[in-house]
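Trainee: Structure here, sequence nowhere to be found:
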């Protein structure tokens with residue numbers, strides 16, 4: 001394991017390595033006291049030839065990013081901020097699965113460590129009730145239809161007690177929701193172990209086919225919910241489940257739209 005700081009007190013590198021044995025993340029965790037963005041760094045490292053499974057974690061991001069060029073607030077030592085570099089053997093058309101399997105992995109890890117049931121607001125927001133506790137950002141480098149590298153960035157609020165007032169969705173942290181301290185190390189290990197398990201789905205047609213139903217089982221947003229879709233496919237309607245490629249169906253007043261990109265909001269809030 002590469003240590004890019006003088007030591008991070010709440011991460012026991014030997015224990016993490018032991019827990020990640022047998023996964024592609026073993027001995028490939030790089031951590032930083034401060035960085036601009038773990039996703040930006042991971043994409044740069046991908047171009048430089050970094051191997052599959054390289055994982056970059058930071059105490060603080062000074063230019064953290066969410067989807068749609070939104071800023072991700074990454075206060076020092078208050079959350080889990082990491083990006084995982086993958087070199088998956090998939091076509092560019094299958095990249096849509098990555099935020100979904102990351103959501104499944106994050107849901108399982110949060111449940112395992114805190115007993116909280118995180119809601120997944122398609123395609124990339126982790127909510128506890130109506131408040132946002134985390135987000136997922138997937139970026140890739142492709143050559144025609146061949147994926148050269150993909151980066152899954154995940155940010156989860158752990159210890160924050162207050163948040164900016166101008167957020168599009170009210171925010172929360174795992175500590176606020178549980179009333180107790182959440183171990184960053186335990187959540188990191190659980191998340192990477194879960195992500196390793198989910199990545200096997202990319203090799204199995206049967207497992208891929210099961211993902212839409214698995215998402216529906218943990219999400220209150222993908223079926224029977226009135227939503228506003230923001231982005232190039234802006235519309236308002238009732239969600240009607242995921243299609244076989246993991247895209248969201250929305251029943252509008254006149255037709256059923258298949259949403260391939262964008263974000264969701266509750267129009268009543």
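Mentor: It's in. It should be emphasised that the depicted structure is a prediction, and the values quoted were computed from it without experimental measurement.

Trainee: Break down the stretch 101-250 of the chain into its strands, ranges please.
Mentor: 119-121, 125-128, 131-143, 146-157, 223-230, 235-242, 248-251 (DSSP state E, counting those that start in this stretch).

Trainee: Pipe the ones you listed into a markdown table and attach distance to residue 174, mean pLDDT and mean neighbour count per row.
Mentor: To be clear about C-beta, it is placed using only N, CA and C from the backbone, and glycine gets the same treatment. Below are the strands of the stretch 101-250 of the chain laid out as a markdown table (distance: least, C-beta to C-beta, whole Å; pLDDT from 0 to 100; neighbours: other C-beta atoms under 10 Å):
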| stretch | distance to residue 174 | mean pLDDT | mean neighbour count |
| --- | --- | --- | --- |
| strand 119-121 | 14 | 98 | 23 |
| strand 125-128 | 8 | 97 | 22 |
| strand 131-143 | 6 | 95 | 20 |
| strand 146-157 | 7 | 96 | 23 |
| strand 223-230 | 24 | 96 | 16 |
| strand 235-242 | 26 | 98 | 18 |
| strand 248-251 | 26 | 98 | 21 |
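
Trainee: Ok, which of those comes nearest residue 53?
Mentor: strand 146-157 (11.4 Å; C-beta to C-beta).

Trainee: returning to what we had before: which of the strands of the stretch 101-250 of the chain sits closest to residue 267?
Mentor: Closest to residue 267 of the strands of the stretch 101-250 of the chain is strand 223-230 (C-beta to C-beta; 4.6 Å).

Trainee: Given that closest one, what are its sheet partners and their directions?
Mentor: strand 235-242 (antiparallel), strand 263-265 (antiparallel) (DSSP bridges).

Trainee: Check residue 31 and give its pLDDT.
Mentor: Looking at residue 31, its pLDDT is 87.

Trainee: Can you report phi and psi for it?
Mentor: Main-chain torsions, residue 31, degrees, to the nearest 10: phi -130, psi 150.

Trainee: The residue nearest to residue 227 when sequence neighbours are not counted: neighbouring residues, count only.
Mentor: Ranked by C-beta to C-beta, 6 or more residues apart in numbering and with sequence neighbours excluded, the top spatial neighbour of residue 227 is residue 264, at 4.7 Å. A count of nearby residues for residue 264, using other C-beta atoms under 10 Å, gives 22.
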